[in-house]
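S.K.: sequence first, predicted model second:
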Amino acid sequence: MAATPQPSRPQYEHPWAVRFCHWANACAIVVLTLSGLRIFAAFPSFGSKLPEHDLIETVPDAVTLGGWLGGALQWHFTFMWVFTAGGVLYVAAQLASGHYRTVLFTRRDVAGVWPMARHYFFFGPKPVAIGQYNPLQKLAYTTTILLGALSLLTGVVMYKPVQFSALGRLFGGYHGARLVHFVAMCGILGFIPGHLIMVGLHGWDNFVSIFTGWKRHPEYVPPEREP
Amino acid sequence: MNVDVDRRTTRRELLKLSPLLLLGGFTVPSLRDRLLEAGVAWSDTAAGALFRRSHSAPSFGDGDVVPFAQFPYNGYDVLEPAIDFARWTLTVGGAVTRPGRYTIDQIRSLPKVVQNTRHVCVEGWDAIGRFGGARLTDFLDLVGADPQARFITVRCADDYYESLDMPTARHEQSLLCYEMYDRPLDRGHGAPLRLQLPTKLGYKQAKYLMALDVTHVLPAKRSYWGDQGYSWYAGL
């Protein structure tokens, strides 16, 4: 790595597949969450129907989509394909291009998580940026991708509990899949505020890069320029 | 040294995202309904392709069955429509060689199947129950159903109606159910005869059956809840 400071060159950070899938799945996650909450409202429990113990009285209309259970299912059954296609395309493109290495959290990143968290949350010194993503980001992104995969698999089990009964056993059957699906949604929703705050803090150049792929003035010294 | 990116490059990269604008179609009300209808239809097609006739729904031990009192009654309208039980018959028509009125005794004389299977409601709850009856596939053989026919339709003592794809109708676990928990079906659960389909959601499992037809094409009114926007296929 070059030791002397140099003007930071623009960096092509996000290949097409990453940007495309990011926005497709951002839309899908909003639709699936809102319609999913409407579906949950039809039976807001993880126990048995008789006696039924509702976890919530009502789900506010403002956070639901579809108007009624059937309408919500239409949204869910339509955008589950967008979500699935976006997820599969993303993973396939990342693996095929080797770009996953920039974002996949590995054992080498473990040591860097705490210094980064200390910087973000407790005003500790800022660790030197050595790549596109810092260890905390890698952890967040990798976890969210895994939560997405978990939502997909548990969704499949709930959608077709008979055809995928073997997969269902992995999640503790139909009930287990329903619970894990809900927890995975909570995890993804937990990621979003942090993600948006970071986007806000990192400014315009960073925000534009998820549309054009190119980031001006990266914080790190980029490796060899890509096409 | 040029430290900026060519505008044309960034514009080209931005344009590569333009297919995503198609999702904007979902914000146009008239387009939205058709897109969602297509989404559900596509899901139904995929679900039909995933269905394996030889794959059984999980069955459970007697200890896993919920007590009868905890098996929900779920009617959309009245739980006890007027039926003259003494004179009840199932009227069979359509693409069959032996159409006519079939009595409950004729259906009971077919080999009896008793199974502990999961009943799944579209609302999200489920209950494992114990059901007994004749295999629908045996009954279809009894009435001489056309092997080329693709669907069966049923009509009920209330104004409920349903239809089924033939692979599901011919599935080993699909029953013309006349017993629950080793006792004759009670009125709320669909006496004297209902469909019991461990590979379908609850609303496909029509109660109070009065008529059954074997058809090549689906009628315009194909499914009580399906016609109101739920999935027609509703397979598990």
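M.R.: On my side now, so go ahead. Numbers count the residues shown, from 1 in each chain, chains lettered A, B, ... in the order given.
S.K.: what's the average pLDDT for the helix or strand hosting residue A:153?
M.R.: Using DSSP states H and E, residue A:153 sits within helix A:135-159. The average of the pLDDT scores along helix A:135-159 is 94.
S.K.: downstream of that helix, the next helix or strand is which one?
M.R.: Heading C-terminal from helix A:135-159 (DSSP H and E), you reach helix A:165-170.
S.K.: the one helix or strand residue A:174 maps to packs against which elements?
M.R.: Here residue A:174, judged by DSSP H and E, is contained in helix A:173-212. Helices and strands touching helix A:173-212, by 3 or more Cβ pairs under 8 Å, 6 or more residues apart in numbering or on different chains; DSSP states H and E, are helix A:16-42, helix A:135-159, helix A:165-170, strand A:214-215, helix B:7-15. Bear in mind the C-beta positions are built from the backbone N, C-alpha and C, glycine included.
S.K.: grab the most central residue of chain A for me.
M.R.: Residue closest to the mean C-alpha point of chain A, counted by Cα atoms, centre = their mean, is residue A:144 at 3.9 Å.
S.K.: measure the residue nearest to it when sequence neighbours are not counted to residue A:137 for me?
M.R.: With sequence-adjacent residues excluded and distances taken as Cβ to Cβ, 6 or more residues apart in numbering or on different chains, residue A:144 is closest to residue A:191, at 4.7 Å. The spacing between residue A:191 and residue A:137, counted by Cβ to Cβ, to the nearest Å, is 11 Å.
S.K.: show me chain A divided up by domain.
M.R.: Here the domain assignment for chain A is A:12-42+A:61-102, A:103-227, based on automatic domain parsing.
S.K.: for the one helix or strand residue B:92 maps to, which positions count as buried?
M.R.: Element membership of residue B:92, judged by DSSP H and E, is strand B:90-94. For strand B:90-94, the neighbour count (16 or more other Cβ atoms under 10 Å in any protein chain shown) marks B:90, B:92, B:94 as buried.
S.K.: pLDDT (mean, whole number) over it?
M.R.: Strand B:90-94 comes out at a mean pLDDT of 97.
S.K.: which part of chain B gets nearest to chain A, residue-wise?
M.R.: Nearest to chain A in chain B, going by Cβ to the nearest Cβ, is residue B:39, at a distance of 2.6 Å.
S.K.: dihedrals phi and psi, that residue?
M.R.: phi -60, psi -40 (degrees, to the nearest 10).
S.K.: so is the residue nearest to it when sequence neighbours are not counted in a helix, a strand, or just coil?
M.R.: Take residue B:39 and drop its neighbours on the chain: the residue closest to it by Cβ to Cβ, 6+ apart is residue A:78, 2.6 Å away. Classification of residue A:78 using DSSP: H, G, I helix; E, B strand; the rest coil returns helix.
S.K.: next, the contact list for residue A:78, please.
M.R.: Applying Cβ atoms under 8 Å, 6 or more residues apart in numbering or on different chains, we find residue A:78 in contact with B:35, B:36, B:38, B:39, B:40, B:43.
S.K.: and of the residues you listed, the nearest to residue A:46?
M.R.: When these are compared for distance to residue A:46 (Cβ to Cβ), residue B:43 wins out at 24.5 Å.
S.K.: are we agreed that that closest one is in a strand?
M.R.: No: counting by three-state DSSP, residue B:43 is not part of a strand but helix.
S.K.: just give the number of residues close to it.
M.R.: Residue B:43 sits with 20 neighbouring residues when counted by other Cβ atoms under 10 Å in any protein chain shown.
S.K.: show me what the next helix or strand after the strand holding residue B:92 is packed against.
M.R.: Using DSSP H and E, the helix or strand that directly follows strand B:90-94 along the chain is strand B:100-102. Judged by 3+ Cβ pairs under 8 Å, 6+ apart, the packing partners of strand B:100-102 are strand B:90-94.
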